[in-house]
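Student: task: produce atomic coordinates for the following.
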Amino acid sequence: MSRYLSRRAASLALSALSILMAFGATLAPAPAAAQTETPIKFVLDWKLQGVHAWYYLAQDRGYFAREKLAVTIDQGEGSAATVTKIMAGAYQAGFGDVNAIVQNAAAKPGQAPVMVYMLYNRAPFALIAKASGPIRTPKDLQGRTVGTPAGGAAARMFPVIAARTGIDATKVAWTNVAPNLQEQLLLKDHVDAAAVFSVTSYMNLVAQGIDPDKDIRWFHYGDYGVELYGNGVMVSQQLLRERPEAVAGLVRAINHAVRDTIADPDVAIAALVKREPLLNKDLEKRRLLYTLKTVMLTPEVATQGLGDIGDARFARAFLQLKEAFDLPRVPTAAEVFDRRFLPPLAERTVARR
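Tutor: Down below sits the predicted model:
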């Protein structure tokens, strides 16, 4: 009898153990990586272009995943719109214009996103004119008509370059044009010049069979004392406050992909074209190389590395923005840019092309 009970008890114990093991399996915690993965909605400044290639390269090479980030990337509607989309809570991070951050921080303290990785060391604002035309210096714009999209940043910043080149701004006429028609109207002489975003306009000219280096005169604002920085990676106040480790991981992943892109532009463009096969990869590679040359790999970047800014220059840029936009106040640098998340200088150093 005792032998029967012991066997029965053992059988019941085994059954109970099996049930507990099965039950326990259903309650087993998810893998640590899945539990701690941070979702980040990231918005670009515009439709897909070569200057966005590093974000997709970071995805393909697992740089975001390695930082336990689940990053989804959406196309944008303008560099300034990135700021407003993040302020509205639709996105936690994005690629947009630091000058738009300054303007919003001046008017709405504590609400604007913060730049954590500067990509465009020079703001890509420029005035362009036909090389065959009469405009040979910025002062030649007096008595001429300049085309610009309504509210275009290059036109808004014109008073700053005018003051530094001796232009009487009251003698320059402006006409609003559709963004996609700027170059066409210039080439057809409907306007004498255009105020443009250079990294976009350059390739628009190429696409129309124009050699932008020979057929067009470029007056880059940065060559005439305008000290503005341009686009970079920005994050929301909430992400900065609640998930600083995610911000640091985002910056590390993007910095790694940017350096990879500089070393091998073709592999980065391939990652971009995977998302939009209709893109002309040769044109987008040329856009990327032009951007690297003109607004990213500057002498300043050669000394201080990718992603950072010069504090004294940044302060002067704020004053230029106040002059151009009549800001109600000048925000502090800390309200606009946070360098705490930058990788060490050795990981951000690249040779100038």
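
Student: and the helices in the stretch 251-353 of the chain?
Tutor: In the stretch 251-353 of the chain, helices defined by DSSP state H, counting those that start in this stretch lie at 265-275, 281-291, 299-304, 311-325, 333-336, listed in chain order.

Student: let me redo that: the stretch 1-150 of the chain
Tutor: Counting by DSSP H, counting those that start in this stretch, the segments of the stretch 1-150 of the chain that form helices are 2-26, 32-36, 53-60, 63-66, 79-87, 98-107.

Student: lowest average pLDDT across the ones you listed?
Tutor: For the helices of the stretch 1-150 of the chain, the stretch scoring lowest in mean pLDDT is helix 2-26; its value is a mean of 44.

Student: residue boundaries of the strands in the stretch 101-250 of the chain?
Tutor: Read by DSSP state E, counting those that start in this stretch, the stretch 101-250 of the chain holds these strands, from start to end of the chain: 114-118, 125-130, 145-148, 173-176, 193-197, 216-220, 231-235.

Student: bridging residues for the residue most central in space within the chain?
Tutor: Of all residues in the chain, the one closest to the mean position by C-alpha atoms, centre = their mean is residue 95, 2.8 Å from it. Each beta-bridge partner of residue 95 is listed here, defined by DSSP bridges: residue 233.

Student: OK, contacts around it?
Tutor: The contact partners of residue 95, by C-beta atoms under 8 Å, 6 or more residues apart in numbering, come to 42-45, 52, 55, 76, 82, 119, 231-234. Backbone N, C-alpha and C define where each C-beta goes, glycine included.

Student: okay, the strands of the stretch 101-250 of the chain in a markdown table with mean neighbour count next?
Tutor: Conversion of the strands of the stretch 101-250 of the chain to a markdown table gives the following (neighbours: other C-beta atoms under 10 Å):
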| stretch | mean neighbour count |
| --- | --- |
| strand 114-118 | 24 |
| strand 125-130 | 23 |
| strand 145-148 | 22 |
| strand 173-176 | 13 |
| strand 193-197 | 27 |
| strand 216-220 | 19 |
| strand 231-235 | 27 |
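
Student: now the ones you listed as CSV including distance to residue 62?
Tutor: Written out in CSV, the entries for those read as follows (distance: least, C-beta to C-beta, whole Å):
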stretch, distance to residue 62
strand 114-118, 19
strand 125-130, 36
strand 145-148, 42
strand 173-176, 45
strand 193-197, 32
strand 216-220, 37
strand 231-235, 19
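
Student: possible to save these as CSV with mean pLDDT and distance to residue 242?
Tutor: Conversion of the strands of the stretch 101-250 of the chain to CSV gives the following (pLDDT from 0 to 100; distance: least, C-beta to C-beta, whole Å):
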stretch, mean pLDDT, distance to residue 242
strand 114-118, 98, 13
strand 125-130, 97, 35
strand 145-148, 97, 40
strand 173-176, 96, 42
strand 193-197, 96, 33
strand 216-220, 97, 39
strand 231-235, 98, 11
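
Student: between the ones you listed, which one is closest to residue 308.
Tutor: In this view, the strands of the stretch 101-250 of the chain are compared for proximity to residue 308 by C-beta to C-beta, and strand 114-118 is the closest at 6.5 Å.
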